[in-house]
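Peer 1: Turn this into a structure:
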Amino acid sequence: MSDTAVHHVQRRLKARHLSMIAIGGCIGTGLFMASGSAIHSAGPGGALVAYAAIGLMVYFFMTSLGEMATFMPVSGSFSTYATRFVDPSLGFALGWNYWFNWVITAAVDVSVAAVVISYWEPLRNFMPAWGWSLLFLCVIFLLNMASVRVYGETEYWMALIKVVTVIIFLGIGVLTIFGIMGGQYIGLKNFSMGDAPFLGGSLGGQFLTTLGVFLVAGFSFQGTELIGITAGESEEPEKNIPRAIDQVFWRILIFYILAIAIIGLIIPYTSPELLGADVDEISKSPFTLVFERAGLAFAAAAMNAVILTSILSAGNSGMYASTRMLYAMGRSGLAWPAFGKVDARGVPMPALLATGALVLGVYMLQLGNDAAYQYVLAASGLTGFIAWVGIAISHYRFRRAWVAQGRPLSGLRYRAKWFPFGPLLALALCVLVIIGQDTKLILDGDFDWERLLVTYMGLPVFFGFLVYHKLRYRTRLIALKEVDLSKTDRD
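Peer 2: Reported below is the predicted structural model:
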């Protein structure tokens, strides 16, 4: 099969798939479970500022990715872009680091899904937790083995469940605030009680407490870059990718800012119920709390089902993203060339088999050696933020190379907003979030070597990949006039 035919087979994601994949990347357990702890830590105002700032950062990253993905839609996206526009060593490090991260994410998701399903006692007694995890892993593997269209349809319906849940939540929340549901008018009193809306005392203290929430908000938004991974398999990418990217701003506004505002209005930031919840404590989810305040007794069971859907969706996306990244690296020479092969349906089976095997291995490691597993998990902790930094750097170099080679901006089908201010602001915010990962050190001055190692372990892993490739292949920063701006990826 020719290279052209392969790409023709692969491009099966429709516009509605892209839109829902972008939405699905924005909504997950970070919103459903962790948003309450953000309000408790920084107050309702601090949480809103943190989520708005991270939302703005993600929006600029997405427009940067959109400009490159519209010009050159390829699987593997930002690894390929870093290789072409910056330095092959950067592309190597971004690609392997991102693949490693999503492998671990998929392994975590199938494990956590078994915990969530144990909420229902008949299912908990039907099969042990490891059995459910292996069943979920098999389902996710089969969905990815079928075709990219199956993946798109699955993500569409899973994302739709999350979207409907948030919309219902917003409606019920508004009715509860005005006393139409729940029987008591709440109004704005929780935004003005105690030290609200911003905690921390002085202006500097408020800044630090808000900065501490940046971490929670940042992890909540991770996965939005998946639309770049899907670019190489979408129909009419020049038209559909910009449309999906431009809708990100409104999704962030509706699904995050309004949801955080409603939680902060209904539940006082002093409530111990907001101290944080894990997936096995569905009753502590701020969404569950709001539904219960409105008098809906079935809230916990309904939210448990939604969260199970979110986790399986994340695992499905993790398998897809890691497989496509390994496939793209195989095609570009950053991985074994066999990983760049696809079958007659356009599915990169060698990459999928390798990825599935490692996901299973990481899951088995969790069962056999918890200490080793925790370090493996920590090693992937900053990968999403590192990928965002790589996107910003690649786009900055892409646009500078475009101008340096005398090409008119009108030749770009889609242009990132507010260049270069937008990408540079996003880059600065992302670096700030990475530096502020150790919140105990930032907020309390509590220094601990072991915690520091676990928190920032993702950085030496990334730089290890970078230095290895740099020393082995002696690559250099590509001169702007030598940057390859052809519209296809290279074998």
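Peer 1: Got phi/psi on residue 263?
Peer 2: phi -60, psi -40 (degrees, to the nearest 10).
Peer 1: Pull up the per-residue confidence for the residue nearest to it when sequence neighbours are not counted.
Peer 2: With C-beta to C-beta, 6 or more residues apart in numbering as the criterion, residue 263 has its nearest non-adjacent residue at 4.6 Å, and that residue is residue 286. Where C-beta positions appear, they are placed from N, C-alpha and C, glycine not excepted. Residue 286 carries a pLDDT score of 89 in this model.
Peer 1: same question, residue 294
Peer 2: For residue 294, the model assigns a pLDDT of 89.
Peer 1: cool, the one 3 residues further on as well?
Peer 2: The confidence metric pLDDT takes the value 81 at residue 297.
Peer 1: Assign it to helix, strand or coil.
Peer 2: The three-state label given to residue 297 by DSSP: H, G, I helix; E, B strand; the rest coil is coil.
Peer 1: Might you report the residue contacts of it?
Peer 2: Under the criterion of C-beta atoms under 8 Å, 6 or more residues apart in numbering, residue 297 has no contact partners.
Peer 1: next one: the one 5 residues further on
Peer 2: Contacts for residue 302 (C-beta under 8 Å, 6+ apart) come out as 291, 296.
Peer 1: Residue 377 against residue 107, yeah?
Peer 2: No. Between residue 377 and residue 107 there is no contact under C-beta atoms under 8 Å: 9.0 Å.
Peer 1: Quick check on those two: which one has the bigger neighbour count.
Peer 2: Set side by side, residue 377 and residue 107 show more neighbours around residue 107, with 26 against 18, by other C-beta atoms under 10 Å.
Peer 1: could you say what helices and strands the helix or strand containing the more buried one packs with?
Peer 2: Taking DSSP states H and E as the definition, one finds residue 107 inside helix 88-117. Under the contact definition 3 or more C-beta pairs under 8 Å, 6 or more residues apart in numbering; DSSP states H and E, helix 88-117 sits against helix 77-85, helix 129-146, helix 299-332, helix 349-368, helix 370-379, helix 383-404, helix 458-473.
Peer 1: Buried residues of the longest helix along the chain, list them for me.
Peer 2: Ranked by residue count under DSSP state H, the longest helix found in the chain is helix 35-71. Across helix 35-71, burial judged by 16 or more other C-beta atoms under 10 Å covers 35-71.
Peer 1: ok, residue 147 - how many residues close by?
Peer 2: By other C-beta under 10 Å, 18 other residues sit near residue 147.
Peer 1: Skipping its backbone neighbours, what lies nearest it in space?
Peer 2: With C-beta to C-beta, 6+ apart as the criterion, residue 147 has its nearest non-adjacent residue at 5.1 Å, and that residue is residue 345.
Peer 1: And the residue nearest to residue 426 when sequence neighbours are not counted, how far from residue 124?
Peer 2: With C-beta to C-beta, 6+ apart as the criterion, residue 426 has its nearest non-adjacent residue at 3.8 Å, and that residue is residue 60. Using C-beta to C-beta, to the nearest Å, residue 60 is found at 44 Å from residue 124.
Peer 1: Residue 351 now?
Peer 2: Separation of residue 351 from residue 124 (C-beta to C-beta): 35 Å.
Peer 1: if I look at residue 455, how far off is residue 440?
Peer 2: Relative to residue 440, residue 455 is positioned 9 Å away (C-beta to C-beta).
Peer 1: can you check residue 250 too?
Peer 2: With distances taken as C-beta to C-beta, residue 250 is found 36 Å from residue 440.
Peer 1: more neighbours, those two?
Peer 2: With neighbours defined as other C-beta under 10 Å, residue 250 and residue 440 compare such that residue 440 has more, 14 against 10.
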